[in-house]
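Chemist: Model the structure of this input:
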Amino acid sequence: MRSIGDNGAAMAAEEAEKDRRRRRRNRGYKKNTSPEGALGKSMDSICGPPPELSENGSGVLGAHPMYTTPTPIEPPEVTFNSLPPIHIFEDQGSSSEVKGDVSLISQSCPLPSTSYFTPVQTRKFPVVLREEKKYFDPYWPDQAVEDAIKKGSAFKAKFRVNAHNRVEAYCTVDGLQVDVLINGIVAQNRAIEGDTVAITLDPITIWTKIKGPNSPSNQGPEISDSCSIKGTPISSNTCTTSTPLITENGHDKRVSDTSDQTERVEKTEYGRALERIKAMITSNPAKRPTGRVVSIIKRSPRREAVVGFFVTTPLLPEIEFSGKGADLYRGMTKKKNDTISALHLVPTDPRLPKMAVSIDNLPDVARQRVKIGDLTIKKELIAARLDEWNEESWFPVAQVVDVLGPGCEMETQIAAILFEHAIRSARFSQDLLSSVPGPSWEIPEEEVTARRDLRSIITFTIDPPSAIELDDALSIEILPDGVFRIGVHIADVAYFVKPNSSLDKEAQVRSTSVYMVQHKLSMLPKELSQGCATLSPGFNRLAMSVIWDFDSNGNILDRWIGRSVIFSCCKLSYDLVQDVIDTGFVPSNLNGSNMPQVYGKYQWKDVVKSLKSFYDLSQKLKEIRFREGALSLGNSKLAFLFDEGGLPYDSYRCDERIEACSLVEEFMLLANRSVAEVIASAFPDCALLRRHPEPNLRRLREFEVFCCRLGIELDASSSGQLHLSLSTIREKLKDDPFLFDIIVSYASKPMQPALYFCTGDLKEKMDEWGHYALSVPFYTHFTSPIRRYPDIIVHRTLLAVIDAEACLKGRNAISENSNVEMGTFTGLKFDREMAESKEGKDALLGAAIKFRVPGVEVLGELAEYCNERKLASRHAEEAGQKVFLWALLKNKQALISEARVMGLGPKFMSVYVQKLACEKRIYYDEVEGLAADWLESTATLVLDLYRRKPFQKKGAVSKYRPIEDVTLIENPSELLEEAEATKANRTVYPTVFPMVLHHLSSIHVALHAIGGDDGPLDIGVRLYASSYF
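Modeler: All right, here's what the predicted structure looks like:
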């Protein structure tokens, strides 16, 4: 039995323990309110940096500068002697004097942001209010950034945010083997997805660890020689470009030597710094470089186009609330007469930060709805722009542009997509339309005289059945000795769109036509694109033509490029041409109702005969192209079936490319290559070309590892070898096309996007001009000027070359040396000697001025803008497809699809969904009623249902998600009853619990619609299973 003394000691010990707990709570509170400043940095080395406010706005009240600073409190008279007095400004035992009568507090915690701290002395002292806290470092001045980049102490990069975790961002620095991680909101320093930023790298001691060795994500010339897959160096076959030009069978090739360029780079300070960092990465393969953003070089267009929802929870502790009350935020502790002066906008794009919106700056209607507490506004999509983001605020301030409408409506979603990607949907103005020729327009006689007249040659168009903007046509002549004269004729849009006209300016802003499901936004007004510019059958039309002479083996013998007048005899569809191919090119085998109207002197049998010649020659060209190293990755697309009301009721995949498409494609590719060769040779500083960089090496190696795990041999040493490997794999997996679709999808991941560029911007890097997938040194876009603005620029540049060539020929004809044959600029062999002579330079310069060919700086900016618009168009197309799939699933409740397990772990699995042709994640951790056992040693996942409900304390809040979020469970008995009632044979059956899953296990999943009403819409994926329990 314990004595009274023992009891007293126990009570004292208990009291001391309570006191220690109280002090720990106080210290923890002080840490949360720590400011950054002169002391903040020194304290960071002991306690770490001050904690950041979380994305949902949680944090200590008063931690934000926008919050009203609390009134300072004086310390009480009573001291807590248990806290040892340690001088805050002590430095290795030597004390420093502090002005004023300042309290002594523990140095184990950062200095608190206000006077909320436990005093240690009984005397009173004046409390000095802290300065307004800055959460971010100020940006460097522009000149400092420029100097730092030149010296290699800072690097220019594109800022990319992890969509699954916004506090992680990555920057790709040209020349470095790996991406630089920008981890944390503070390090990101207010950068937004798509910004071009300047970054500095952290010391190697704080670089983060990664799983496995680093693999290059992009590479320069030096890295491509040292990095290899299966011992074979990575190269792009014939993708490199440098003089001299070599022609083989009429198909251009180049040999590259980049040693001089590499030496020039290495001699600069930037180059030497880059080499040092590359050496550090190589010697530390288990670490990833980290860094910080120090400046925004170019702001992302995404800042001007933010789409999101207003939230209904108090996520802005730093906002001051005042005024008269409303009930928009339920659960918020506020006085009866209080109201909210700011809202929180949550973007639908998870890569963007949450934003503060002032109610006073809302549009009138929206402001009134908020003031009266209209809760339906939280279900409407909001269009906004990012106004500012200063150093004193965790959240950027946004300005609402428009309230688009209910998020559950498809038209609202389409409007949001157009706004988010800055796609112009407004109609063309009447002033602009007044400059477009009317339907009665005819070609002036002087224009016919100035051009090559090709109207007597059989010519026709091949397009999708619904196409009405016809910008390309094919013609054929069979000459003696088995020579085929093939012509590609492109609508001469540049004739109608004059430089700097209102029509030209509008086309430049739009840059490209946008094709979404059931929506089309044209670059040019339909009065032009469907009128006098389109190559409609039965009309004389202006064209830019490329004509080749081929032998029977597909070798090019001669070439002519120039302006022409054509007459199309008929409009063919891909489906009809495919029927002609399938029926053996016999005219009588086709149903007469399917045959198109043929204009002019030719008949249907002449068209079929021409198609046979086109088909045979296109097969030869295709064989040559892939023999020279081209790569083709045919990705399937999702298509929809619509009811009378325009709503989708079913979907299907367009998997196969028909031969009719390939027939047209071969000649269009050859035309683009031919024109690229001409304009790059004539204007090496200001030609608009299109390049395709080599694949991302890190992802390419991941693809190789993926194939290795499947026991599949892969050679990815060049574009040509990769194509041969995929062809072999297709043959081996002919009985499992689903797996081959997955492999093609994985093969597409390392591929980088093709880009427009000005040759003058890469004059010292000619090895980067090439096109990896096509395996050609020169490529551009010439064949679609009705829907692509870069094609119009290319047409003008080509017109300048043609004009300069004609001018020189005219001078040569009247000179005394007219008997000397002059070379050409547009033929198979470019006359470089003439182009570099004084007469040639003068002629090319004069023609460039005449046709308004942009200079290097203007063309570089235009190329960058067109790249941005093309990417936005692609994203809008994909987003529109997602909206219609969402609407389909919302009506169907669920859509069952086959899937394959691509990755497994303790918390989630990645599955490749056949219906979507993409990967999705299914999270199964912390799910009520579902047991997930992960066996890491065998990479096996076992999923089963709990037969008994897990124990849970009474009144405790469950952190588990409902099982319905993860699995669609059906009762087998009900399935049998349904099958008997409908007399239908089911082709898809649910998986049975327990599930034992491995890599590449086949399962069935249920697709369902998510969001729309009060959040971003998405396609959810659940396991499709059956159970009696």
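
Chemist: So Val403 belongs to a strand, correct?
Modeler: Yes - according to DSSP: H, G, I helix; E, B strand; the rest coil, Val403 belongs to a strand.

Chemist: Please verify my assumption that it contacts Ile377.
Modeler: Yes - using C-beta atoms under 8 Å, Val403 is in contact with Ile377, at 7.3 Å. Every residue, glycine included, has its C-beta placed from N, CA and C.

Chemist: Overlap in contacts, these two.
Modeler: Counting by C-beta atoms under 8 Å, 6 or more residues apart in numbering, the residues touching both Val403 and Ile377 are Ala366.

Chemist: And the host helix or strand of Arg1022, what's buried?
Modeler: Assigning secondary structure by DSSP states H and E places Arg1022 in strand 1018-1026. Residues of strand 1018-1026 classed as buried: 1019-1026 (neighbour count, 16 or more other C-beta atoms under 10 Å).

Chemist: cool, and stretch 639-649?
Modeler: 640, 648.

Chemist: Now do it: distance to the chain's middle.
Modeler: Remark: stretch 639-649 is offset 28 Å from the chain centroid, using C-alpha atoms, centre = their mean, to the nearest Å.

Chemist: Quick one: end-to-end distance for stretch 685-695.
Modeler: Stretch 685-695 has an end-to-end distance of 26 Å (C-alpha to C-alpha, to the nearest Å).

Chemist: go on, stretch 367-384?
Modeler: Distance between the boundary residues of stretch 367-384 (C-alpha to C-alpha) amounts to 14 Å.

Chemist: Now it: buried residues?
Modeler: 369-371, 377-384.

Chemist: partners of Leu521 in the sheet?
Modeler: Val514 (DSSP bridges).

Chemist: next SSE after the helix ranked longest in the chain?
Modeler: Criterion DSSP state H: the longest helix present in the chain is helix 856-892. Counting by DSSP H and E, the element after helix 856-892 in chain order, helix or strand, is strand 895-903.

Chemist: tell me what that following strand is packed against?
Modeler: With contacts defined as 3 or more C-beta pairs under 8 Å, 6 or more residues apart in numbering; DSSP states H and E, the packing partners of strand 895-903 are helix 737-748, strand 908-913, strand 1002-1010.

Chemist: can you do 10 Å?
Modeler: Where contact means 3 or more C-beta pairs under 10 Å, 6 or more residues apart in numbering; DSSP states H and E, strand 895-903 is packed against helix 737-748, helix 856-892, strand 908-913, strand 918-923, strand 1002-1010, strand 1018-1026.

Chemist: re the thing from before, format the buried residues of strand 1018-1026 as TSV; extra columns: pLDDT.
Modeler: As requested, the buried residues of strand 1018-1026 are exported to TSV (pLDDT from 0 to 100):
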residue	pLDDT
Ile1019	91
Gly1020	91
Val1021	93
Arg1022	93
Leu1023	93
Tyr1024	92
Ala1025	90
Ser1026	84
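
Chemist: Quick check: His781 touching His771?
Modeler: No - using C-beta atoms under 10 Å, His781 is not in contact with His771, being 11.4 Å away.

Chemist: does Lys526 really touch Cys532, like I thought?
Modeler: No - with contact defined as C-beta under 10 Å, Lys526 does not reach Cys532; the gap is 11.5 Å.

Chemist: Can you pull the residues that touch both of those two?
Modeler: Common contacts of Lys526 and Cys532 (C-beta atoms under 10 Å, 6 or more residues apart in numbering): Val436.

Chemist: Which one of the two is surrounded by more residues?
Modeler: Cys532 (22 against 15; other C-beta atoms under 10 Å).

Chemist: gap between the more buried one and Leu798?
Modeler: 21 Å (C-beta to C-beta, to the nearest Å).

Chemist: State the number of residues packed around Leu590.
Modeler: Neighbours of Leu590 under the rule other C-beta under 10 Å: 15.

Chemist: Now do the contacts for it.
Modeler: 576, 579-580, 583, 604, 608.

Chemist: Let's see that with 7 Å instead.
Modeler: Counting by C-beta atoms under 7 Å, 6 or more residues apart in numbering, Leu590 makes contact with 579-580, 583.

Chemist: Could you export these as a markdown table, including distance to Asn162?
Modeler: Output for these, formatted as a markdown table (distance: C-beta to C-beta, whole Å):
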| residue | distance to Asn162 |
| --- | --- |
| Asp579 | 48 |
| Val580 | 50 |
| Thr583 | 53 |
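
Chemist: Just name the closest of those to Ile792, please.
Modeler: Val580 (33.2 Å; C-beta to C-beta).

Chemist: What score does that closest one have for pLDDT?
Modeler: Per-residue confidence (pLDDT) for Val580: 92.

Chemist: Surely it is in contact with Val607?
Modeler: No - applying C-beta atoms under 7 Å, one finds Val580 not in contact with Val607, separated by 8.6 Å.

Chemist: re earlier: closest to Arg272 among the buried residues of stretch 367-384?
Modeler: Ala384 (44.9 Å).
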